[in-house]
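Sequence and computational prediction follow.
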Amino acid sequence: MAELKNLTKRGENYSQWYNELVVKADLAEQSAVRGCMVIKPYGYAIWEKMQRQLDDMFKETGHVNAYFPLLIPKSFLSKEAEHVEGFAKECAVVTHYRLKNSDNGQGVTVDPAARLEEELIIRPTSETIIWNTYKNWIQSYRDLPILCNQWANVMRWEMRTRLFLRTAEFLWQEGHTAHATKEEAEEEAVKMLNVYSTFAEKYMAMPVIKGVKSESEKFAGAVNTYTIEALMQDGKALQSGTSHFLGQNFAKAFDVQFLDRDNSLSYVWATSWGVSTRLMGALIMSHSDDNGLVLPPKLAPIQVVIVPIYRGEEQLAQIDEKVAGIVSALKAKGISVKYDNADNKRPGFKFADYELKGVPVRLVMGGRDLENNTIEVMRRDTLEKETRTCDGIVEYVEQLLEDIQNNIFEKARKFRDASIREVDTYAEFKEEIEKGGFIYAHWDGTAETEALIKEETKATIRCIPEDMDATPGVCMVTGKPSARRVLFARSY
RNA sequence: CGGGGUAUAGCGCAGUUGGUAGCGCGCCACGUUCGGGACGUGGAGGUCGCAAGUUCGAAUCUUGUUGCCCCGACCA
């Protein structure tokens, strides 16, 4: 059992608070392997719920799952110029295929005789290996579209890592689609971005801003990168999912052409899109409070926990019996419920522990309740407690879970909305960016200005948002014409 | 790769002028407890990161070395 007390307050040191929370709530821990993470059963249970929901949504939009190799020949990676440029600096490379006993008799060493003729790259993303494969799958327009997704691990050798937010190895899904027309591919990229934003808002209860990345922030090898950007409680933005319109870049790099209806040969149009275990970090930093995690009911592995308070085994037996009916009725409604009658922890400990773990609803039954046919109900989002009659408790809890889901979304949305400010001068921008949140300002559209702003303020263009005011103006830095305001923030 | 820390029990730490290892939490056993993080009694657990050196004697001093953490550069 983790040490539960003395979780750092959120305001003091957000970074430290986040780290402690992840560890103490039993979600994950640092592994012995550099930059890698062990996702513990409780954390993985949340990820599994995310996976299942996303997978359903992919299926509904016509996608199928497949699996491609972990290792990518070096030559594949270098076929698309921008792509290799973007990823080269963070690739782990396999150079040998055999070990041998060390000469000094201690342990094993890499056998120099077993050097690979061509090095293999541990995938940082799978576009190249997949397009090398799609080449063989596609001859005619009748083979299109291809709508594949894969659930996989990838590896990016990051300098500095943080649990869930940036680990050297991470789990994700990556969709890779091939289309006959540009329009269809663009539509696909937008469609999947919408799947992500729906998932974020409806399931994670996390409001997001949809938009397009600037030229310098887009994916290496993409024509356009669509993104959902969320705001964390410390005022920093988090890119939570991306969908790329790849144009014909990878088709040209891997020579994937198809014969159209009119017998003309053309290159295939592509998209790719992904979300990762980073969403776990997003979830944690969107809702948690000083008592620990706050999980949206739709993703909570345990939605309802029931704690008995008793004197003596006889009373416990009575409570067990009374609770059993409630448990089975809740389960019948598809609600996941845990009855914790372990006798080695006292109630107060259990209360604190389940709050730390973000369980949305807690029911408590003690001797008084047994006499009165009542039960205490506590909701995690507001920490409010009330004692209610047991009659109709199942329906009440069912409704309460829905209320909590909506409430934490609304709370996060209000926080996010209040953090978006329009700014017209660079001086004002510099001042406002210190306060965190999103700044909506005019920019002349050049990479130079963007780089200058990043250099001077550490703020980046998070996206050119889809649903926000798009009237022209003048750049806050250079005074040159600006097509529209864009969204700035400091980010993870 | 730069700058700053740190390394002693599973975790968090103390250890004075060099004298042979300690505290809290956790863990195990038993008992009493149980409406917001219980208590008592007993117990298990450490070649003090690693390697040399100084010394009668090193967790402590010297040199080397390695790991980890924080701050930058890089990024989902």
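Perfect, thanks for sending it.

By neighbour count, which bits of stretch A:192-202 are buried? Give me those.
A:192-197, A:199-201 (16 or more other Cβ atoms under 10 Å). Placement of C-beta: from N, CA and C, glycine included.

again with stretch A:46-60
A:46-47, A:49-51, A:53-54, A:57-58.

got CSV for those, with distance to A:Glu117, pLDDT and secondary structure too?
Converted to CSV, those look like this (distance: Cβ to Cβ, whole Å; pLDDT from 0 to 100; DSSP: H, G, I helix; E, B strand; the rest coil):
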residue, distance to A:Glu117, pLDDT, secondary structure
A:Ile46, 43, 97, helix
A:Trp47, 38, 96, helix
A:Lys49, 44, 98, helix
A:Met50, 40, 98, helix
A:Gln51, 37, 98, helix
A:Gln53, 44, 98, helix
A:Leu54, 39, 98, helix
A:Met57, 42, 98, helix
A:Phe58, 38, 98, helix
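
Determine which two of those are furthest apart.
A:Ile46 and A:Phe58 (18.8 Å; Cβ to Cβ).

Does anything pack onto the lengthiest helix in chain A? Which helices or strands?
As assigned by DSSP state H, the longest helix anywhere in chain A is helix A:393-419. Judged by 3 or more Cβ pairs under 8 Å, 6 or more residues apart in numbering; DSSP states H and E, helix A:393-419 is in contact with strand A:224-231, helix A:278-287, helix A:312-332, strand A:361-365, strand A:374-379.

where in chain A is pLDDT low?
A:1-9, A:11-12, A:103-107 (pLDDT under 70).

mind redoing it with 50?
Chain A contains residues with pLDDT under 50 at A:1-4.

Whichever residue of it sits closest to RNA strand B: neighbour count?
Of chain A, the residue with the smallest distance to RNA strand B, taken as Cβ to the nearest atom of the strand, is A:Gly366 at 2.3 Å. The number of residues packed near A:Gly366 is 18, by other Cβ atoms under 10 Å.

next one: phi and psi at it?
Here is the backbone geometry of A:Gly366 (degrees, to the nearest 10): phi -130, psi -170.

domains of chain A?
A:27-72+A:127-287, A:304-410, A:420-489 (automatic domain parsing).

Please identify the deepest-packed of those domains.
Burial of the domains of chain A is given as mean neighbour count (mean count of other Cβ atoms under 10 Å); domain A:27-72+A:127-287 ranks first at a mean of 20.

Now A:Val64. Nearest residue, chain neighbours left out?
A:Cys148 (6.1 Å; Cβ to Cβ, 6 or more residues apart in numbering).

swap in A:Asn341?
A:Asn341 sits nearest to A:Pro308 (Cβ to Cβ, 6+ apart), 5.1 Å away.

before we move on, what about A:Thr161?
A:Gly35 (4.1 Å).

Please name the residues that touch the residue nearest the centre of chain A.
Taking Cα atoms, centre = their mean, the centroid of chain A lies closest to A:Leu279, which sits 1.5 Å from it. By Cβ atoms under 8 Å, 6 or more residues apart in numbering, A:Leu279 lies in contact with A:50, A:200, A:204, A:240-241.

Likewise for A:Phe250?
A:80, A:83, A:127-128, A:131, A:221, A:256, A:270.

repeat that with 10 Å
Contacts for A:Phe250 (Cβ atoms under 10 Å, 6 or more residues apart in numbering) come out as A:79-80, A:83, A:127-128, A:130-132, A:134-135, A:176, A:178, A:221-222, A:256, A:267-270, A:272.

Need the three-state assignment for it.
Classification of A:Phe250 using DSSP: H, G, I helix; E, B strand; the rest coil returns helix.

Once you drop chain neighbours, what's closest to it?
A:Trp131 (4.4 Å).

quick one: the helix or strand the one you found falls within to chain centroid distance?
For A:Trp131, the element it lies in under DSSP states H and E is helix A:127-137. Computed by Cα atoms, centre = their mean, to the nearest Å, the chain-centroid distance of helix A:127-137 equals 26 Å.

Show the subsequent helix or strand relative to that helix.
Assigned by DSSP H and E, the successor of helix A:127-137 is strand A:146-155.

So what are the sheet partners of that following strand and their directions?
Its sheet considered, strand A:146-155 pairs with strand A:64-65 (parallel), strand A:169-179 (antiparallel) by DSSP bridges.

starting at the chain centroid, how far to the helix or strand just after the longest one?
Downstream of strand A:169-179, the next assigned helix or strand under DSSP H and E is helix A:182-198. Put simply, helix A:182-198 sits 18 Å off its chain's centre (Cα atoms, centre = their mean).

Surely A:Lys385 and A:Arg379 touch.
Yes. At 8.3 Å, A:Lys385 counts as touching A:Arg379 under the criterion of Cβ atoms under 10 Å.

Tell me who's in contact with A:Ser272.
A:125-127, A:130-131, A:174-177, A:188-189, A:192, A:219, A:221-222, A:225, A:242-246, A:250.

can you do 7 Å?
Neighbour list for A:Ser272: A:127, A:174-176, A:244, A:246 [criterion: Cβ atoms under 7 Å, 6 or more residues apart in numbering].

circling back: tell me the contacts of the residue nearest to A:Val64?
A:63-64, A:66, A:175-176.

same thing but 10 Å
A:58, A:63-68, A:130, A:133-134, A:137, A:174-178.

Show me what it bridges to in the sheet.
A:Val64, A:His176.

just to revisit the earlier point, just put the buried residues of stretch A:192-202 in a markdown table and tack on distance to RNA strand B.
Output for the buried residues of stretch A:192-202, formatted as a markdown table (distance: Cβ to the nearest atom of the strand, whole Å):
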| residue | distance to RNA strand B |
| --- | --- |
| A:Met192 | 15 |
| A:Leu193 | 14 |
| A:Asn194 | 19 |
| A:Val195 | 17 |
| A:Tyr196 | 12 |
| A:Ser197 | 15 |
| A:Phe199 | 15 |
| A:Ala200 | 13 |
| A:Glu201 | 18 |
